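quick one: sequence plus predicted model below, questions after.
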Amino acid sequence: MAGEHSAAVPFQAHLELLQLFLAQRSPIVETIQGLLNAQGKPLQYLQDARLLARQFEDCFYTLTAISGEQSLLRGQLREAHWGSGFKPREMPGLHNDLVDPAQMMIRGFHLWGQTRWPGRNGRVRYAHTLFNLYLIRCLELLVMRLWDAGADGAADRLSQIQRLLDRLWSSSPADQPVLVRDARWLIPLAQSPTTEQLAPYFEVEERIAAGLSEQDRIEIHKASVQMAGGHLRSQLRHYCMKHDVAIDDHSLVLITRNSNALDFAILIQGLVPLLQAYEQACHRDDRQDRLALAGAICQGISVDPELFVNRVDLLGPYTMIEALFVMEGDGPVAYTPMGWRHVQLLRDYTVLMSRLCKSLHEDCPSFRPVAGAYSPYGVIYGFSSNLTEHMALKSLTTDAVTHFSVEDVFADGGTGADRLAWVDGWRKLPHIKEEVQRLFDYPQQFAADIFARIEQALRKRSADDESRSGVQTGRLHILPAAAPEARPEAALIPELPVRYFASSDRQIVAAQQADFCDQTRLLHDRQEGMFAVSYQTSGGWTALTKDFLTDLLGTGQDVRIVGLPAAAAAALKLMCPDLIAAPGIRPPAA
């Protein structure tokens, strides 16, 4: 488990250190503003992230009030986070990390270099922003250590972080942006960068279920689901603009479904408890909670409502990650404990969505985007950490809005234009050309299109449940190579086309049984959950892509595979348990 790598991290010591930083805000900010007085420094210095990061952190750890023991805590939270599996993936040309004051210094230097350098007052103002960013970064890392000393004290430790967060904003000057108010939102923010390892995300989901109150758990799931939905919608918007295609373009549907196994799986982990809480709110006729939960659920399913509402039979396989959920080896092919938990959540999701789709459809109109007002369906960003970066950089301008926080990005309702102006103004900076700014104007039509798809999917599901006339789904028939004629009726079923197979085995490719795929790329995609099944061959690896789920089974077509290795056939049955017809392959026992 993730915490085994970081059990020695002393939570209380780090909390007291951050409290000390808050008490020493004035001298720290004064030192930071001196660091920002970099006009005339060489460009190499102004862009040296590693050097600036070290110098910036020195502003905290060279305080005379810091004890020798406290100085040893430097870097410990980051190392613990990385040791838990959350080390950001190297992405050349792209900042993929938690909010980083050094990076924000570089962006500030660039803006000043393109416009004009500030005087002391301007530097002090930005120094306060960077101070707050650093504290937020530390709190994001610290909140991931809630469970290190056991689940029993996790709720109390979360409360301590909330009190420190409250103190951070109460001690900040009035002209500073309030980046995030709720400590529970720090948990998904801490997990926003892309990483090589996927298992830690699921381990955190299991930990959230232990030691926290139901209210805290639901708020964390709301934050996770809404942020994931926003990230996926932004990705969708990017593809639409880059390839100049409509939001429902078939190629875009395939890309979205095939490349987001982790995001879809994490959405299921959060949507199930939200749906359960939503059902309870409906039963007790709590209109406020009901709408708040419905809004979060609709944002969660917004990237592909047809899949999440009407094609739940296909959704399951798209969320399955073979490398994490299926255990292969000398013994029988079976689910891992993580896989079993996910499959159960999928079953719960299927039942809950069927039961609650009509209620969600009734509540859906409350979230319809209004012209001239803001809707979460229109927010565009890369990773969730980018949101705090946008707010921080905007603080360099005189028209920065400071009373909104990250939570307000995802809040539904309201017809005023103030939130729209706030979000729309993030990229309206003096050093950015107007034609570039226009590329990031709030996409009113996109938000309306996203909502229309959600409403249509819920309406369709409600009508189908009443008429019992849902969409038919095909089956994949697995036949043994030795005696495929043992099932004469299967001879009438077309074979699965070769284009759905990828292989690094050149012999298999030469035999026209798969398209070639470099083995490094194939194994990477396997780790990302992009295949329905994969298996090693004498000359490399072979994999079945998930595109056949939408292209063939999703359109009601049956197809067959002949001669799939027994272990691969058993794994495929686990990955797509309701879509495989494979005589002789028994489902695993619970």
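Looks like it came in fine.

how is the chain partitioned into domains?
Here the domain parsing of the chain from automatic domain parsing is 2-176, 207-367, 376-446, 476-581.

will you turn the ones you listed into JSON lines that also has distance to residue 182, mean pLDDT and mean neighbour count?
Where you see a C-beta, it was placed from the backbone N, CA and C, and this is true even at glycine. Compiled in JSON lines, the domains of the chain are given as follows (distance: least, C-beta to C-beta, whole Å; pLDDT from 0 to 100; neighbours: other C-beta atoms under 10 Å):
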{"stretch": "domain 2-176", "distance to residue 182": "8", "mean pLDDT": "94", "mean neighbour count": "17"}
{"stretch": "domain 207-367", "distance to residue 182": "7", "mean pLDDT": "96", "mean neighbour count": "19"}
{"stretch": "domain 376-446", "distance to residue 182": "6", "mean pLDDT": "90", "mean neighbour count": "17"}
{"stretch": "domain 476-581", "distance to residue 182": "30", "mean pLDDT": "93", "mean neighbour count": "18"}
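
nearest to residue 194, out of the ones you listed?
domain 2-176 (4.8 Å; C-beta to C-beta).

circling back: the domains of the chain: which one's closest to residue 196?
Of those, nearest to residue 196 by C-beta to C-beta is domain 2-176, at 5.4 Å.

if we can go back for a sec, so which of the domains of the chain is nearest residue 197?
domain 2-176 (4.0 Å).

the stretch 51-200 of the chain: helices as residue ranges?
68-71, 76-81, 101-114, 120-143, 154-170, 186-190, 199-208 (DSSP state H, counting those that start in this stretch).

re the thing from before, I'd like the domains of the chain as TSV, with distance to residue 463 appended.
Converted to TSV, these look like this (distance: least, C-beta to C-beta, whole Å):
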stretch	distance to residue 463
domain 2-176	43
domain 207-367	9
domain 376-446	23
domain 476-581	19
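
hang on, the earlier thing: any chance of the helices of the stretch 51-200 of the chain in TSV, with distance to residue 302 too?
Shown next, in TSV, are the helices of the stretch 51-200 of the chain (distance: least, C-beta to C-beta, whole Å):
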stretch	distance to residue 302
helix 68-71	45
helix 76-81	29
helix 101-114	29
helix 120-143	25
helix 154-170	28
helix 186-190	16
helix 199-208	20
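
and for residue 478, nearest residue in space, chain neighbours not counted?
Distances taken as C-beta to C-beta, 6 or more residues apart in numbering put residue 582 closest to residue 478, at 3.9 Å, once the chain neighbours are dropped.

okay, now the one you found: neighbour count?
Applying other C-beta atoms under 10 Å, we find 19 residues neighbouring residue 582.

contacting residues for it?
477-478, 569, 572-573 (C-beta atoms under 8 Å, 6 or more residues apart in numbering).

please repeat the previous calculation with a cut-off of 10 Å.
Counting by C-beta atoms under 10 Å, 6 or more residues apart in numbering, residue 582 touches 475-480, 561, 564, 569-570, 572-573.

what does residue 204 give?
For residue 204, the contact set (C-beta under 10 Å, 6+ apart) comprises 2-3, 84-86, 144, 146-147, 187-188, 190-191, 220, 224, 266, 269.

just to revisit the earlier point, which phi and psi does the residue nearest to residue 478 have?
The phi/psi pair for residue 582 (degrees, to the nearest 10) reads phi -140, psi 90.

and the gap between it and residue 489?
Distance, residue 582 to residue 489, by C-beta to C-beta, to the nearest Å: 15 Å.

check residue 9 too.
Taken as C-beta to C-beta, the span from residue 9 to residue 489 is 61 Å.

picking up where we left off before, dump the contacts of residue 582 to a markdown table, plus distance to residue 524.
Formatted as a markdown table, the contacts of residue 582 follow (distance: C-beta to C-beta, whole Å):
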| residue | distance to residue 524 |
| --- | --- |
| 475 | 30 |
| 476 | 25 |
| 477 | 30 |
| 478 | 26 |
| 479 | 31 |
| 480 | 31 |
| 561 | 24 |
| 564 | 23 |
| 569 | 24 |
| 570 | 24 |
| 572 | 20 |
| 573 | 25 |
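
looking at those, which are in helices?
569-570, 572-573 (DSSP state H).

between the helices of the stretch 51-200 of the chain, which one is closest to residue 262.
Closest approach to residue 262 among these is made by helix 199-208 (6.7 Å; C-beta to C-beta).

mind checking the longest helix of the chain?
The chain, longest helix under DSSP H: helix 214-243.

using PDB, write out the CA atom coordinates for the helix or strand following that helix.
Proceeding N to C from helix 214-243, the next assigned helix or strand is helix 250-258, under DSSP states H and E. The C-alpha coordinates for helix 250-258 follow below in PDB (Å, rounded to 0.1, in the frame of the first residue of the first chain):
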ATOM      1  CA  HIS A 250     -17.100   9.000 -34.100                       C
ATOM      2  CA  SER A 251     -13.300   9.200 -34.100                       C
ATOM      3  CA  LEU A 252     -13.600  11.600 -31.100                       C
ATOM      4  CA  VAL A 253     -15.800   9.100 -29.200                       C
ATOM      5  CA  LEU A 254     -13.300   6.400 -29.800                       C
ATOM      6  CA  ILE A 255     -10.300   8.500 -28.600                       C
ATOM      7  CA  THR A 256     -12.200   9.600 -25.500                       C
ATOM      8  CA  ARG A 257     -13.300   6.100 -24.500                       C
ATOM      9  CA  ASN A 258     -10.000   4.400 -25.300                       C
END
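
can you give me the helices in the stretch 451-590 of the chain?
506-510, 519-527, 547-551, 566-575.

pull the third one out as PDB, backbone CA atoms only.
Coordinates of each C-alpha in helix 547-551 appear next as PDB, following Å, rounded to 0.1, in the frame of the first residue of the first chain:
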ATOM      1  CA  ASP A 547     -12.400   0.100 -30.100                       C
ATOM      2  CA  PHE A 548     -14.400  -3.100 -31.000                       C
ATOM      3  CA  LEU A 549     -16.600  -2.400 -28.000                       C
ATOM      4  CA  THR A 550     -18.100   0.700 -29.600                       C
ATOM      5  CA  ASP A 551     -17.700  -0.200 -33.300                       C
END
